[in-house]
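Colleague: Fold the following.
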Amino acid sequence: METIDLQIADGVGTILLNRPESLNAWNRQFGDELLEAVRRVTDDDAVRAVCVRGAGRAFSSGADLRDNITGQELTPEGHPDVRTRLHEVYHPIIVGLRRMPKPVVAAVHGPAVGIGCSLALACDLIVASESAYFMLAFVNIGLVPDGGSSVFVPARAGMARAAEMAMLGERVPAARALDWGLINRVVADDAFDDHVRALTEGLAAGPTRSYAGTKRQLNNWLYARMDEQLELEADIQQEMAATGDFAEGVTAFIQKRAAGFRGA
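Modeller: Numbers count the residues shown, from 1 in each chain. Prediction:
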């Protein structure tokens with residue numbers, strides 16, 4: 001794999017998002033390789049706990065819009081076919097993390113944006129550095145939350161904060177995310193790596209069948225309708241991909257200017 005690095009040591013499988021030059025933005029290869037990594041750690045009995053983290057200055061900046069413009073498959077109507085990509089790659093990653101019978105820790109430093117934020121929220125525990133922030137930036141290009149974030153944010157932080165993140169598309173700094181209950185811990189930047197290592201190795205040394213049972217309980221109570229919600233996300237996202245606002249949002253992002261949305 002080229003965009004994802006998978007390392008296994010001391011019972012911990014570390015999935016490293018490894019496109020630092022793009023702040024670990026998701027292109028087609030990245031998504032395919034991340035799905036492969038999730039499947040590998042799920043099936044490997046030597047892996048007792050999993051850590052997802054980013055290389056360089058970011059956890060993940062979300063979808064690689066430049067790559068998606070040139071490489072996006074189209075529907076028969078000529079619109080970006082986001083539904084198929086969500087079904088084939090994004091959803092299996094998110095569902096794979098939630099249903100993996102092992103504890104999964106997101107170690108977030110720098111930005112966790114868009115689908116990168118969704119990825120972090122799909123994990124069981126989220127540890128953030130003081131400089132980290134979380135952002136559902138979909139609305140800024142005329143889209144809606146996907147990757148399960150319309151499930152995870154209200155489950156973790158409540159309806160009011162879910163609406164704020166989804167509709168305003170603003171940064172939520174790590175300290176505020178902790179106060180909201182969106183994440184579990186905030187650690188000083190210079191102590192971050194050591195803290196994550198101690199946490200994940202401690203989990204790997206623990207009662208992993210108990211962790212798996214706990215995940216089943218939480219999934220049943222909080223995420224019993226997740227498959228249905230992911231389907232709804234994909235359907236609405238496909239609707240948004242056919243709008244003029246989405247075309248304008250992406251163009252404005254590429255041109256580094258404010259978008260002029262028209263509600264069309």
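Colleague: just for the protein, where's the confidence low?
Modeller: 68-72 (pLDDT under 70).
Colleague: What are the boundaries of the strands in it?
Modeller: For the chain, the strands defined by DSSP state E occupy 4-9, 12-17, 49-54, 104-108, 111-113, 125-129, 133-135, 172-173, 185-187.
Colleague: these two touch, right, Ile15 and Gly54?
Modeller: No - counting by Cβ atoms under 8 Å, Ile15 stays clear of Gly54, with 9.8 Å between them. For glycine as for every other residue, the C-beta is placed from the backbone atoms N, C-alpha and C.
Colleague: The two - which one has more neighbours?
Modeller: Between Ile15 and Gly54, Gly54 has the larger neighbour count (other Cβ atoms under 10 Å), namely 27 against 24.
Colleague: Please look at the more buried one and His109 and confirm they touch.
Modeller: Yes - using Cβ under 8 Å, Gly54 is in contact with His109, at 7.0 Å.
Colleague: can I get the strands of the chain in TSV with distance to Phe261?
Modeller: Formatted as TSV, these follow (distance: least, Cβ to Cβ, whole Å):
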stretch	distance to Phe261
strand 4-9	34
strand 12-17	30
strand 49-54	30
strand 104-108	29
strand 111-113	19
strand 125-129	31
strand 133-135	18
strand 172-173	22
strand 185-187	34
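Colleague: and of the ones you listed, who's closest to Gly78?
Modeller: strand 111-113 (27.7 Å; Cβ to Cβ).
Colleague: What is that closest one packed up against?
Modeller: Judged by 3 or more Cβ pairs under 8 Å, 6 or more residues apart in numbering; DSSP states H and E, the packing partners of strand 111-113 are strand 133-135.
Colleague: Neighbouring strands - and their directions - for the strand it packs on?
Modeller: Next to strand 133-135 in the sheet, as set by DSSP bridges, lie strand 111-113 (parallel), strand 172-173 (antiparallel).
Colleague: right, so those: which one is the most enclosed?
Modeller: strand 111-113 (a mean of 28; mean count of other Cβ atoms under 10 Å).
Colleague: Identify the residues contacting it?
Modeller: For strand 111-113, the external contacting residues (Cβ atoms under 8 Å, 6 or more residues apart in numbering) are 23, 58-62, 106, 119-120, 132-135, 137, 171.
Colleague: Would you list the buried entries among the residues you listed?
Modeller: When the contacts of strand 111-113 are checked for burial by 16 or more other Cβ atoms under 10 Å, the buried set is 23, 58-62, 106, 119-120, 132-135, 137.
Colleague: Can you say which two of those are spatially most distant?
Modeller: Ala106 and Ala137 (17.5 Å).
Colleague: picking up where we left off before, out of the strands of the chain, which is closest to Arg216?
Modeller: strand 104-108 (14.0 Å).
Colleague: Right, I'll call it a day here.
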